[in-house]
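1. here's my sequence, what's the structure:
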Amino acid sequence: MRIDGSVIVVTGASSGIGRATALALAARGGRLVLLARDEAELTALATEITANGGDALPVAVDVADADAVEAAAQRAVQRFGRIDAWVNAASVIMFGSFVEVPAADLRRVLDVNLMGYVHGCRAALPRMISQGAGVVVNVSSLLGVVALPWGSSYTMAKFAIRGLGGSLRQELRLSGVRGVKVCTVLPGPVDTPIFGNGANYSGRAASALPPVYTAERVARIIVNLIRVPRPEVIAGGLLGRAFYVQHKLFPAFAERTLAAEADRLCLSRTEPAAHTTGNLYEPAPGPGRVSGGWHGRRRERVRRAVAAVTVGAGAVALLGRLRRP
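-> Numbering: from 1, shown residues only. Now for the predicted structure:
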């Protein structure tokens with residue numbers, strides 16, 4: 001699919017991966033329909049896109065509301081005539097013990113992170129099937145492969161999103177639908193505001209689990225998936241792919257490793273935090289941002305430098321061996 005001229009709906013467009021994806025698509029000529037709860041931030045983002053020569057329609061929507069998502073899809077078709085791609089990126093998180101967090105808040109995470117994706121797929125797929133073409137991209141997580149302690153609701157949703165994608169791909173294939181694709185992205189830890197904005201009942205301050213990657217990196221992968229769809233893609237660099245393989249080969253060891261690292265690095269042992277519902281029910285205050293301030297860009301530069309040195313050293317060693325008589 002060509003991005004230039006395509007009509008693409010992005011949920012969670014006001015911050016993080018959704019915002020980075022919207023900006024990346026707009027830069028390539030995509031016509032955007034921006035969905036999120038914060039109307040002011042969506043309007044500001046749409047204004048930024050149009051000021052740079054793009055085309056964007058902001059629609060304030062809570063993706064947990066199926067009727068509102070369907071209405072947003074209708075507005076997209078009324079404005080642009082069709083929907084070529086739909087990116088489900090809206091997400092919230094909650095930290096705390098499974099048996100202690102409020103059941104209503106746990107349900108709210110599932111309503112946004114899972115049912116929001118269900119609503120998006122149900123709005124997008126019938127229209128794409130009738131067109132004979134389209135791409136849905138669902139943003140899951142490597143935490144949809146290995147579970148996160150103290151984050152059961154987020155983990156449940158991310159596991160379920162992978163199952164949703166697999167089931168939809170099978171249904172489309174069995175129905176003889178060849179032009180409509182459903183893709184799943186599995187990011188590793190990403191430098192977005194979600195950790196600081198999340199609900200928290202753990203009593204410990206939350207932060208991104210290193211090594212974090214930039215949201216722009218994930219956005220580039222989403223753009224490429226719309227162009228050339230694939231069923232499932234890891235967006236966590238070499239370390240993310242290595243962890244995925246490790247879990248395939250040694251699942252118990254991978255789970256213990258992630259549990260220990262998350263307990264040590266994701267939730268502070270020294271910095272307390274008051275109980276909060278975060279942005280579960282209301283948008284986070286302040287301007288929408290792509291980055292959460294976890295130094296993802298700086299750490300990516302370090303990783304690229306280390307990789308370049310490693311590859312260079314390997315090339316020198318290989319050249320030396322080839323020159324030996």
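
2. three-state assignment of residue 32?
-> The three-state assignment at residue 32 reads strand, by DSSP: H, G, I helix; E, B strand; the rest coil.

3. does residue 233 belong to a helix or a strand, and which?
-> Assessed by DSSP states H and E, residue 233 sits inside strand 232-235.

4. check which helices and strands that strand sits against.
-> strand 180-187, helix 215-227, helix 237-249 (3 or more CB pairs under 8 Å, 6 or more residues apart in numbering; DSSP states H and E). All C-beta atoms are positioned from the backbone trio N, CA, C, and that covers glycine.

5. and that strand, how far out from the chain's middle?
-> In terms of CA atoms, centre = their mean, to the nearest Å, the centre of strand 232-235 is set 11 Å apart from its chain centre.

6. please enumerate the helices of this structure.
-> Along the chain, counting by DSSP state H, helices occupy 16-27, 39-51, 66-80, 103-110, 116-131, 152-174, 194-197, 215-227, 237-249, 251-261, 296-323.

7. packing partners for the third one?
-> Counting contacts by 3+ CB pairs under 8 Å, 6+ apart, helix 66-80 packs against strand 7-11, strand 31-36, strand 55-60, helix 116-131.

8. try 10 Å this time
-> Secondary-structure packing of helix 66-80 (3 or more CB pairs under 10 Å, 6 or more residues apart in numbering; DSSP states H and E): strand 7-11, strand 31-36, strand 55-60, strand 85-88, helix 116-131.

9. can I get the longest one as CSV, trimmed to CA atoms?
-> Coordinates of the C-alpha atoms in helix 116-131 are reproduced here as CSV (Å, rounded to 0.1, in the frame of the first residue of the first chain):
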residue,chain,number,x,y,z
GLY,A,116,-10.8,-0.7,22.3
TYR,A,117,-8.9,-2.8,19.8
VAL,A,118,-12.0,-5.0,19.3
HIS,A,119,-14.1,-2.0,18.6
GLY,A,120,-11.5,-0.6,16.1
CYS,A,121,-11.3,-3.9,14.3
ARG,A,122,-15.1,-4.2,14.1
ALA,A,123,-15.3,-0.7,12.7
ALA,A,124,-12.5,-1.1,10.2
LEU,A,125,-12.8,-4.7,8.8
PRO,A,126,-16.3,-4.6,7.3
ARG,A,127,-15.4,-1.5,5.4
MET,A,128,-12.1,-2.9,4.2
ILE,A,129,-13.6,-6.2,3.2
SER,A,130,-16.2,-4.3,1.1
GLN,A,131,-13.4,-2.4,-0.5
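
10. returning to what we had before: quick one: closest of the helices and strands packed on strand 232-235 to residue 51.
-> Nearest to residue 51 among the helices and strands packed on strand 232-235 is helix 215-227 (19.5 Å), distances taken as CB to CB.
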